[in-house]
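**Q** this one's sequence-less:
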């Protein structure tokens with residue numbers, strides 16, 4: 001039984017490393033895509049359009065989300081408290097949606113839902129800070 005648990009422990013560490021490598025590969029891919037989009041926009045004058053600008057900002061914010069996810073993976077591998085990092089990633093993800101919010105068929109309900117989500121994450125962050133349950137990143 002002890003040998004089996006040791007094998008499972010190695011498997012979990014291997015999965016953690018694979019997930020971390022995959023996040024880095026995704027971030028590198030998005031950075032190359034961002035560079036390509038910016039080069040194309042600069043050569044064609046595409047920065048003037050709202051859609052192109054929103055797409056470029058969306059790519060930039062996706063890199064930040066992947067960085068936050070990578071930080072979660074690293075904190076998890078170090079056996080640190082990941083709750084503050086998860087909340088930071090959630091705030092970045094929700095903020096990304098607000099920044100690149102585009103017209104949808106049901107605009108009002110989508111906006112209300114996103115606002116409720118942002119308030120829920122912010123309230124969670126506030127309660128965690130008030131409880132002193134763990135150190136928040138500053």
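**A** Okay, I see it. Bear in mind the structure is a predicted one, so any value in this text is a computation, not a measurement.
**Q** Give the rounded mean pLDDT of stretch 91-109.
**A** Stretch 91-109 shows a mean pLDDT of 77.
**Q** if we look at stretch 40-57, which residues are touching it?
**A** 34, 37, 38, 99, 100, 102 (Cβ atoms under 8 Å, 6 or more residues apart in numbering). Heads up, the C-betas are built off the backbone N, CA and C, glycines and all.
**Q** give me that answer again for 6 Å
**A** With contact meaning Cβ atoms under 6 Å, 6 or more residues apart in numbering, stretch 40-57 is reached by 37, 100.
**Q** For that stretch, buried residues please.
**A** By neighbour count on 16 or more other Cβ atoms under 10 Å, the buried set for stretch 40-57 is 41, 46, 52, 55, 56.
**Q** could you show me where the helices are in this protein, in order?
**A** 2-44, 50-77, 83-99, 107-131 (DSSP state H).
**Q** For the closest residue to residue 20 other than its chain neighbours, grab the count of nearby residues.
**A** Of all residues not flanking residue 20 in the chain, residue 73 sits nearest, at 4.6 Å (Cβ to Cβ, 6 or more residues apart in numbering). Residue 73: 20 surrounding residues under other Cβ atoms under 10 Å.
**Q** again with residue 130
**A** 8.
**Q** where's the closest residue in space to residue 60 that isn't next to it in sequence relative to residue 71, distance?
**A** Distances taken as Cβ to Cβ, 6+ apart place residue 34 nearest to residue 60, at 6.4 Å, with adjacent residues excluded. Separation of residue 34 from residue 71 (Cβ to Cβ, to the nearest Å): 20 Å.
**Q** Residue 124: what's it in contact with?
**A** Counting by Cβ under 6 Å, 6+ apart, residue 124 has contacts residue 87.
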